[in-house]
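K.L.:
My questions concern the predicted model and sequence given below.
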There are 2 protein chains.
Amino acid sequence: MKQRLMTPGPTPVPEETLLEMAKPVTYHRSAGFRQLLAEVTEDLRYVFQTANPVLTLTASGTGGMEAAIASAVPSTGKMICLIAGRWGERWRNIGKALGCEVVSVTSAYGQPVEPNQLAAALGEHPDAVAVCATLCETATGVKNDIAAYGKIVTGTNCLLVVDAISALGCVECRTDDWHIDLCVTGSQKALMLPPGLAFVSVSDKGWKVIDAAAPRAFYFDLRKYRDALKTHDAPFTPANTLIRGLRLSLKRMRAEGMNAIWTRFARMAAAARAGLSAMNLTLFASAPSESLSVAMVPEGIDGNALVARVEKHYGVKLAGGQDSLKGKIVRLGHMGYIDFFDVLAALSALELVLLEMGHSLEPGASVAAAQRVMAESINVGQGVGNAARVDR
Amino acid sequence: MKQRLMTPGPTPVPEETLLEMAKPVTYHRSAGFRQLLAEVTEDLRYVFQTANPVLTLTASGTGGMEAAIASAVPSTGKMICLIAGRWGERWRNIGKALGCEVVSVTSAYGQPVEPNQLAAALGEHPDAVAVCATLCETATGVKNDIAAYGKIVTGTNCLLVVDAISALGCVECRTDDWHIDLCVTGSQKALMLPPGLAFVSVSDKGWKVIDAAAPRAFYFDLRKYRDALKTHDAPFTPANTLIRGLRLSLKRMRAEGMNAIWTRFARMAAAARAGLSAMNLTLFASAPSESLSVAMVPEGIDGNALVARVEKHYGVKLAGGQDSLKGKIVRLGHMGYIDFFDVLAALSALELVLLEMGHSLEPGASVAAAQRVMAESINVGQGVGNAARVDR
């Protein structure tokens, strides 16, 4: 059976990238690798929408988050964590593990953290040194308003540290314009790669804090990555086959352009949400991200069984809920190398299984609703997938 | 021109492994991934020669080293670092970055740290909580006597923490028999994979210390990896395509057997050293590792130019010296998916370039000397390369 990976990460990797990474391994202390790293670093700046260098770490996304805190927040430093779900909680857990004082500002699952909550917390904790936020809360599908947070934080001495892991590269993220001081993402989401790389951008304001801080890490000391980058080098043996693949992903994204990419995913997300609603499902996120759509599992249906059956019968891999949301929601990822026709397949499979499981819906309503959204927003000449394969 | 990667890491990756990793990416929160992780963890125990679980981290080898220190050495804890080169220095640098008190015990470059130096240091510093050592000092080609260190450390409250990165999987390393409490390696050396994974084994004595310590890291907290492994899971999104490749490497190694592997590399190393000596080069390491051979560049020859020319004219990628050894030594890696015939090619290329550069040698003497070593140690039916490709 044809398999379709539609989780909110990892996401499918383009075939040409898989083959590029399958070429023989090369030595990384070489002119060829330095040229590669220089090129991807330049293209990452474009994708991050930043004038600052973007650092490439060999680690999962959480490793990038830990590097941000270990580098920019001194031990016993106070962090304000904006928490709208499991991934916001990750900031809190990292901060606590690293000895920081954590102030948690939470929203109900399915809701974003409101900018005025942040303003109030900053008023109460003027000694905070960092505000940690999540662009897309992958656990609930909520998008937080980072631009609004940035306006609040920029006038303070605080750093704005953002987990953009399941967003950057498909959801609008303007690192510099939004005053994000440290922006973290990973390879296995919108960047169309396997897991294994984390990326962190750092603003001038961020570097001032980092350079003044006592080191708390070695492998996760961001200064080492910045300093090595001055000669287009990596401080530690990098996952260089993944970086070779990254080059192709970034070329693709540059060829399409960030505005076009953001528009394409917004359209796809609107179609997905229309499709989910049309099969009588309630959307879970009040402010949904363009990178995934989350629906509540209808009462009387076991969400785990639903997700398992969609995979077993139709080869479509969706994700269920985590922690307290286990069995209660279904998550459909649409980022990276996923196009509208893949979304259509996922909606079709989900509709068929919901019918089997006794949920009341009108067969065909979902895919028709999604298709209507695409038709209404059509732009002649604009496709529904990534830019064509680019010259290597 | 045909390329041969002969650096002491990264090393070549078997073609079947490259293709295995090029298969479509899958979701890691699945029964299939748990089965894969259970299987590689079991096989890693065999390759490490340990009864304890071996933890798989997404990071460079240095990340594994940082995780070992962050987990097992409390801040302000005293570490004895046995330093025979750049990689021994890395233990010191990690310890210092993490706030530990570091006692350095050094040897001259090219010499191992003698066990009696360790005994003396332990006598002077009975409050030390960890001894950090390096099995193979990749900077100089020296092998340290970990078994002897283990006999000294095992009766104390200290932990023995070993960097076995450019050794484990080709150089004899008996984690349990040698009383290694934390043993670290990486994917891109003897394990025949691209860079991106680090592995850490922990003894019962090690876990007692780790469990009693306050956490100092989140991503690098080894307890999280152990706890997740109880359900064959990874605590953070793992570099799962590399883990898929790892499965094949470990199957190969298991099919051949560790004793046979160690013997094969010892033979290959003896042949390489005979070949280097026969071209009138002085070997650099007084106690050489079986994983690489290091020779001094003859006076009057620029070592950087030598290494560059061997690559440019013959496609053989050797490594030069680092830091104070820059231009002074040439390093020939023979680990992982490198066989005797590759070593023969490297000796041939090096001989030809040395002749071009005016070094006095007898053409053919090097390859003949290497060949003689192989002939003298021949074992009917035993090949010179890895075990045949195994059933998948």
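P.N.:
Looks like it arrived, so ask away.
K.L.:
would you put the C-alpha positions of stretch A:249-260 in PDB?
P.N.:
Extracted in PDB, the C-alpha atoms of stretch A:249-260 (Å, rounded to 0.1, in the frame of the first residue of the first chain):
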ATOM      1  CA  SER A 249      15.600  22.100   0.400                       C
ATOM      2  CA  LEU A 250      16.800  25.700   0.700                       C
ATOM      3  CA  LYS A 251      17.300  26.000  -3.000                       C
ATOM      4  CA  ARG A 252      13.800  24.900  -3.600                       C
ATOM      5  CA  MET A 253      12.500  27.400  -1.000                       C
ATOM      6  CA  ARG A 254      14.500  30.200  -2.400                       C
ATOM      7  CA  ALA A 255      13.200  29.500  -5.900                       C
ATOM      8  CA  GLU A 256       9.600  29.700  -4.700                       C
ATOM      9  CA  GLY A 257      10.100  32.600  -2.300                       C
ATOM     10  CA  MET A 258       8.900  32.900   1.300                       C
ATOM     11  CA  ASN A 259       5.800  35.000   0.500                       C
ATOM     12  CA  ALA A 260       4.600  32.400  -2.100                       C
END
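K.L.:
Neighbours of A:Pro74, how many?
P.N.:
A:Pro74 has 18 neighbouring residues, counting by other C-beta atoms under 10 Å in any protein chain shown. To be clear about C-beta, it is placed using only N, CA and C from the backbone, and glycine gets the same treatment.
K.L.:
That one should be in a strand, yeah?
P.N.:
No - under DSSP: H, G, I helix; E, B strand; the rest coil, A:Pro74 sits outside any strand and is assigned coil.
K.L.:
Run a quick check on it versus A:Ala212, I expect a contact.
P.N.:
No - using C-beta atoms under 8 Å, A:Pro74 makes no contact with A:Ala212, being 9.1 Å away.
K.L.:
Pop the domain breakdown of chain A in here.
P.N.:
Chain A breaks down into these domains under automatic domain parsing: A:4-8+A:258-376, A:15-256.
K.L.:
which residues of the stretch 151-300 of chain A score low on pLDDT?
P.N.:
For the stretch 151-300 of chain A, no stretch has pLDDT under 70.
K.L.:
Going along the chain, name the helices of it.
P.N.:
A:204-212, A:222-229, A:240-256, A:258-278 (DSSP state H, counting those that start in this stretch).
K.L.:
need those in CSV with mean neighbour count and distance to A:Ile180, can you?
P.N.:
CSV is the format used below for the helices of the stretch 151-300 of chain A (neighbours: other C-beta atoms under 10 Å in any protein chain shown; distance: least, C-beta to C-beta, whole Å):
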stretch, mean neighbour count, distance to A:Ile180
helix A:204-212, 16, 9
helix A:222-229, 19, 15
helix A:240-256, 22, 19
helix A:258-278, 21, 15
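K.L.:
quick one on the thing from earlier: chain B: which of the domains of chain A is closest?
P.N.:
Shortest separation from chain B across the domains of chain A is recorded for domain A:15-256, at 3.5 Å, computed as C-beta to the nearest C-beta.
K.L.:
For that closest one, measure first residue to last.
P.N.:
Domain A:15-256 has an end-to-end distance of 18 Å (criterion: C-alpha to C-alpha, to the nearest Å).
K.L.:
Dump the helices of the stretch 151-300 of chain A to a markdown table, plus distance to B:Leu98.
P.N.:
What follows is these, written out as a markdown table (distance: least, C-beta to C-beta, whole Å):
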| stretch | distance to B:Leu98 |
| --- | --- |
| helix A:204-212 | 17 |
| helix A:222-229 | 14 |
| helix A:240-256 | 27 |
| helix A:258-278 | 39 |
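K.L.:
Now those in CSV, please, with extra columns for distance to chain B.
P.N.:
Output for those, formatted as CSV (distance: least, C-beta to the nearest C-beta, whole Å):
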stretch, distance to chain B
helix A:204-212, 14
helix A:222-229, 9
helix A:240-256, 4
helix A:258-278, 19
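K.L.:
Nearest to B:Arg174, out of those?
P.N.:
Shortest distance between B:Arg174 and the helices of the stretch 151-300 of chain A, using C-beta to C-beta, is found for helix A:240-256: 31.2 Å.
K.L.:
other SSEs contacting that closest one?
P.N.:
In terms of contact count using 3 or more C-beta pairs under 8 Å, 6 or more residues apart in numbering or on different chains; DSSP states H and E, helix A:240-256 is assigned the packing partners helix A:15-21, helix A:31-48, strand A:197-202.
K.L.:
wait, which of these is closest to A:Val131?
P.N.:
strand A:197-202 (15.3 Å).
K.L.:
Render the CA-only coordinates of that closest one in CSV, please.
P.N.:
C-alpha atoms of strand A:197-202 as CSV (Å, rounded to 0.1, in the frame of the first residue of the first chain):
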residue,chain,number,x,y,z
LEU,A,197,19.8,19.1,12.6
ALA,A,198,18.7,22.1,14.7
PHE,A,199,19.1,25.7,13.6
VAL,A,200,19.4,28.8,15.8
SER,A,201,19.5,32.4,14.8
VAL,A,202,20.8,35.0,17.2
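K.L.:
A:Phe218 - how many residues pack around it?
P.N.:
Neighbours around A:Phe218, by other C-beta under 10 Å: 24.
K.L.:
scratch that, A:Leu292 is what I was asking about
P.N.:
Counted with other C-beta under 10 Å, the neighbours of A:Leu292 add up to 32.
K.L.:
Ignoring the adjacent residues along the chain, who's closest to it?
P.N.:
Excluding its sequence neighbours, the residue lying closest to A:Leu292 (C-beta to C-beta, 6 or more residues apart in numbering or on different chains) is A:Pro8, at 4.2 Å.
K.L.:
State the distance from that neighbour to A:Leu318.
P.N.:
Look at A:Pro8 and A:Leu318: by C-beta to C-beta, to the nearest Å, they are 9 Å apart.
K.L.:
what is in contact with these two at once?
P.N.:
Jointly contacting A:Pro8 and A:Leu318 under the rule C-beta atoms under 8 Å, 6 or more residues apart in numbering or on different chains are A:Arg331.
K.L.:
Do a quick rundown of the strands in the stretch 101-250 of chain A.
P.N.:
Counting by DSSP state E, counting those that start in this stretch, the stretch 101-250 of chain A has strands at residues A:101-106, A:130-134, A:136-137, A:142-143, A:159-163, A:182-186, A:197-202.
K.L.:
Return the alpha-carbon coordinates of the second one using PDB.
P.N.:
Extracted C-alpha coordinates of strand A:130-134, given in PDB (Å, rounded to 0.1, in the frame of the first residue of the first chain):
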ATOM      1  CA  ALA A 130      14.200  36.000  28.600                       C
ATOM      2  CA  VAL A 131      10.700  35.400  27.300                       C
ATOM      3  CA  CYS A 132      10.300  31.900  25.700                       C
ATOM      4  CA  ALA A 133       7.500  31.400  23.300                       C
ATOM      5  CA  THR A 134       6.300  28.900  20.700                       C
END
